[in-house]
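Peer 1: Return a 3D structure for these sequence lines:
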Amino acid sequence: VGLYFSAKGDAKCAKFNAMLLTSHAVYLKNDHGIEIVFVSRDKTEEAFKEFYQPMRWKAVPYDGPRDTLASKFGVSSLPTVIMLRPDGSIITK
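Peer 2: Residues are numbered from 1 along each chain as shown. Sure, this is the predicted structure:
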């Protein structure tokens, strides 16, 4: 599982999101079994919904544990992808 921390309105996030959409489609087509979960760092639910709309993966709900996850994994810049093993331990950050 990859936790994808990102936000609308950040140029680096927009560029990375476009690359991730393309890469994710290739991996799904080739059945590599990589699961991505979007963790929004947006300041409003509207921004979250707009940015998430083209994504093809799951997301932590806007009113879910977004801040807890960002704190737990020490997210200090965007975009950030943290790959986790099935037991929740970090593969790479």
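
Peer 1: following the lowest-mean-pLDDT helix or strand in the chain, which helix or strand comes up?
Peer 2: Ranked by mean pLDDT, DSSP states H and E, the weakest helix or strand in the chain is helix 11-29, scoring a mean of 86. The C-terminal neighbour of helix 11-29 among helices and strands, as given by DSSP states H and E, is strand 36-40.

Peer 1: Could I get the buried residue list for the helix or strand just after that next one?
Peer 2: Sequence-wise, the next helix or strand downstream of strand 36-40 (DSSP H and E) is helix 45-52. Using 16 or more other C-beta atoms under 10 Å as the test for burial, helix 45-52 gives 47-48, 51-52. Placement of C-beta: from N, CA and C, glycine included.

Peer 1: which one is Pro86 nearest to, not counting chain neighbours?
Peer 2: In this structure, Pro86 finds its nearest non-sequential neighbour in Val1, 7.8 Å apart by C-beta to C-beta, 6 or more residues apart in numbering.

Peer 1: Give me the helices and strands touching the least confident helix or strand of the chain, please.
Peer 2: Packed against helix 11-29 by the contact rule (3 or more C-beta pairs under 8 Å, 6 or more residues apart in numbering; DSSP states H and E) you find strand 2-6.

Peer 1: List the buried residues for stretch 9-24?
Peer 2: For stretch 9-24, by 16+ other C-beta under 10 Å, it's 10, 13, 16-17, 20, 24.

Peer 1: typed the wrong thing, it's stretch 22-42
Peer 2: Under the neighbour-count criterion of 16+ other C-beta under 10 Å, stretch 22-42 has 24, 36-42 buried.
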